[in-house]
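K.L.:
Pasted the sequence and its predicted model underneath.
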Amino acid sequence: MAEGRFITFEGIDGSGKSTQARLLAERLRAAGGDPLLTREPGGSPGAEEIRQLLLTGDPSRWSAETEILLFTAARRDHLEKTIAPTLAAGRTVICDRFADSTRIYQGATRGDLRAMVDRLHDLMIGREPDLTFVIDMDPAVGLRRGLARRSGEDRFEEFGLSFQETARHGFLSLVRDNPDRCILIDGNRSEAEVAAEIAAQTEARV
Ligand code: ADP
Ligand code: TYD
């Protein structure tokens, strides 16, 4: 059986990734598909437990280096238990954030730790998505939207605006460096407009 397609959503906090990942899954289901919608950190019982450690508590709770280990541990469990078996069964996997988030948030926002992120990725994950939508958004708007949700998982939002601005630039360079896999999406439009462009690109590319 042919492997399923692996589609990820990336971008700063509040850019609309979760909304658009859900809308794409709904659209594929309406067309008769059976996609799995999942997220990081999390997506398997063990990785959801690690999520709590990462997203709650004091911003200084973990160093960027410790975060690399925790996010990679969560990703390894998610890959083993959820992503790989689902793709092997021929189903599409839609994931809200994946390894690109570690490349940017841990690899670039608090010093240059990219080489460390890449080495651990090669050793423990070794898998890239087939297609990645990077939703671009003014960080001030994204931060407002993110904090308005009051999810209780705001450890990264609390790093503040300049952190989100650095992350935004990181995501823009990611698209420039990976033009075959990444598609830049303007998130400053209505949910329906953004969803229509993502659906058209998915149809064209997958
Ligand atoms: P992310 O997963 O990137 O953090 P969400 O999809 O959770 O973003 O969206 C953050 C907030 O912004 C939510 O309250 C959502 O309803 C709202 N939102 C999402 N997309 C749009 C849009 N295109 N325009 C206005 N609000 C949006
Ligand atoms: P998420 O729940 O997607 O937050 P949001 O919906 O606000 O975008 O992710 C939570 C936070 O985790 C987010 O601020 C980014 C951070 N993160 C990393 O720093 N590295 C990673 O590898 C991942 C997957 C997320």
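P.N.:
Yep, it's here. Ligands and ions are numbered 1, 2, ... in the order given.
K.L.:
Which secondary structure state does the residue nearest to R61 when sequence neighbours are not counted sit in?
P.N.:
What sits nearest to R61 in space, not counting adjacent residues and going by CB to CB, 6 or more residues apart in numbering, is R155, at 7.1 Å. Any C-beta I mention is one placed from the backbone N, CA and C, and that applies to glycine too. Secondary structure, DSSP: H, G, I helix; E, B strand; the rest coil: R155 is coil.
K.L.:
count of residues packed around R155?
P.N.:
When neighbours are counted by other CB atoms under 10 Å, R155 registers 18.
K.L.:
Would you check how far apart the residue most central in space within the chain and ligand 1 are?
P.N.:
Of all residues in the chain, the one closest to the mean position by CA atoms, centre = their mean is R97, 1.1 Å from it. For R97, the distance to ligand 1 (CB to the nearest ligand atom, to the nearest Å) stands at 8 Å.
K.L.:
hang on, that residue packs against E40?
P.N.:
Yes: between R97 and E40 there is a contact under CB atoms under 8 Å: 4.4 Å.
K.L.:
re earlier: who's in contact with the residue nearest to R61?
P.N.:
L54, L55, T56, G57, D58, P59, R61 (CB atoms under 8 Å, 6 or more residues apart in numbering).
K.L.:
and those, which are buried?
P.N.:
Among those, those buried by neighbour count (16 or more other CB atoms under 10 Å) are L54, L55.
K.L.:
The helix or strand bottoming out on mean pLDDT in the chain near ligand 1 at all?
P.N.:
Within the chain, no helix or strand scores below helix 139-148, which has a mean of 88 by mean pLDDT, DSSP states H and E. Yes: interface with ligand 1: helix 139-148 contributes R145, G146 (CB under 6 Å from any ligand atom).
K.L.:
and the helix or strand L120 falls within, what other elements does it pack with?
P.N.:
Taking DSSP states H and E as the criterion, L120 maps to helix 114-124. For helix 114-124, the contact count by 3 or more CB pairs under 8 Å, 6 or more residues apart in numbering; DSSP states H and E identifies helix 64-78 as packing neighbours.
K.L.:
With only the CA atoms kept, save the helix it packs on in PDB.
P.N.:
Output in PDB follows, covering the C-alpha atoms of helix 64-78 (Å, rounded to 0.1, in the frame of the first residue of the first chain):
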ATOM      1  CA  ALA A  64      16.500  26.200  25.100                       C
ATOM      2  CA  GLU A  65      18.800  23.200  25.100                       C
ATOM      3  CA  THR A  66      16.600  21.300  27.500                       C
ATOM      4  CA  GLU A  67      13.600  22.200  25.400                       C
ATOM      5  CA  ILE A  68      15.300  20.700  22.300                       C
ATOM      6  CA  LEU A  69      15.500  17.400  24.200                       C
ATOM      7  CA  LEU A  70      11.900  17.500  25.500                       C
ATOM      8  CA  PHE A  71      10.300  18.500  22.100                       C
ATOM      9  CA  THR A  72      12.400  15.800  20.400                       C
ATOM     10  CA  ALA A  73      11.300  13.200  22.900                       C
ATOM     11  CA  ALA A  74       7.700  14.200  22.500                       C
ATOM     12  CA  ARG A  75       8.100  14.100  18.700                       C
ATOM     13  CA  ARG A  76       9.800  10.700  18.700                       C
ATOM     14  CA  ASP A  77       6.900   9.200  20.700                       C
ATOM     15  CA  HIS A  78       4.300  10.900  18.400                       C
END
